[in-house]
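*Asks:* my questions concern the predicted model and sequence given below.
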Amino acid sequence: MAQVPLLTINAENAAQPIYLSQSMAILELLEEEYPEPPLLPRTPQERAKVRQIAEIINSGIQPLQNSSTLRKIKSFSQDEQAWARFWIQDGLYNLERQVCELYTKDFLITDHPTIAECCLIPQLYGARRFGCDIDAWPRLLEVESKCLSLEAFAITRPEMQPDAEL
């Protein structure tokens with residue numbers, strides 16, 4: 001589909017690499033292949049809440065700001081930056097309200113990062129990129145700070161990538 005992310009798996013038994021796209025498919029595979037530390041909580045209700053938050057971001061916010069969507073918006077002579085800002089701010093405002101009202105753990109649902117945080121951190125990066133008022137989301141920023149203090153998140157920041165265009 002010529003989209004990111006794309007995971008390339010060089011399996012020992014495979015004649016050629018396996019390519020897997022789409023964030024949720026990749027995150028679920030990582031959870032199944034490398035269950036420690038867990039990316040999903042132990043109880044079905046908490047797993048559902050994590051997936052709910054991940055999908056709010058992954059299918060409710062992110063597709064409205066991806067490059068192909070923004071190119072199409074621009075082709076209609078519309079302000080693609082304002083479009084992206086609106087959907088990011090609306091989605092993250094509602095997510096902030098939801099996690100503040102319902103959850104009291106160190107991270108979004110649990111006391112450790114999950115698939116939900118794996119979706120949140122890049123979305124907050126995108127929010128900054130599009131000039132959103134991030135101060136409107138103190139709980140999300142608190143979770144982001146905790147995540148970025150962990151090596152697994154710190155080394156995956158866009159500016160840390162060898163091909164980063166900053």
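*Replies:* Cool, the structure landed. Numbers count the residues shown, from 1 in each chain.
*Asks:* check the residue positioned nearest the centre of the chain and give its pLDDT.
*Replies:* Central residue of the chain (CA atoms, centre = their mean): Cys119, 1.7 Å from the mean position. Note for Cys119: predicted pLDDT of 96.
*Asks:* what does Tyr34 give?
*Replies:* Reported pLDDT for Tyr34: 90.
*Asks:* could you confirm the residue nearest to the centre of the chain falls within a helix?
*Replies:* Yes. The assignment for Cys119 by DSSP: H, G, I helix; E, B strand; the rest coil puts it in a helix.
*Asks:* need the nearest residue in space to it, chain neighbours excluded.
*Replies:* Ile57 (4.2 Å; CB to CB, 6 or more residues apart in numbering). The way it works is simple: take the backbone N, C-alpha and C, and place the C-beta from them, glycine included.
*Asks:* ok, the one you found touching Gly91?
*Replies:* Yes. In this structure, Ile57 is within contact of Gly91 by CB atoms under 8 Å, at 7.1 Å.
*Asks:* higher neighbour count, these two?
*Replies:* Neighbour count, other CB atoms under 10 Å: between Ile57 and Gly91, Ile57 has more, with 23 against 19.
*Asks:* that one and Asn94: what is the separation?
*Replies:* 11 Å (CB to CB, to the nearest Å).
*Asks:* any idea whether Thr8 is helix, strand or coil?
*Replies:* strand.
*Asks:* and for it, the neighbour number?
*Replies:* Neighbours of Thr8 (other CB under 10 Å): 8.
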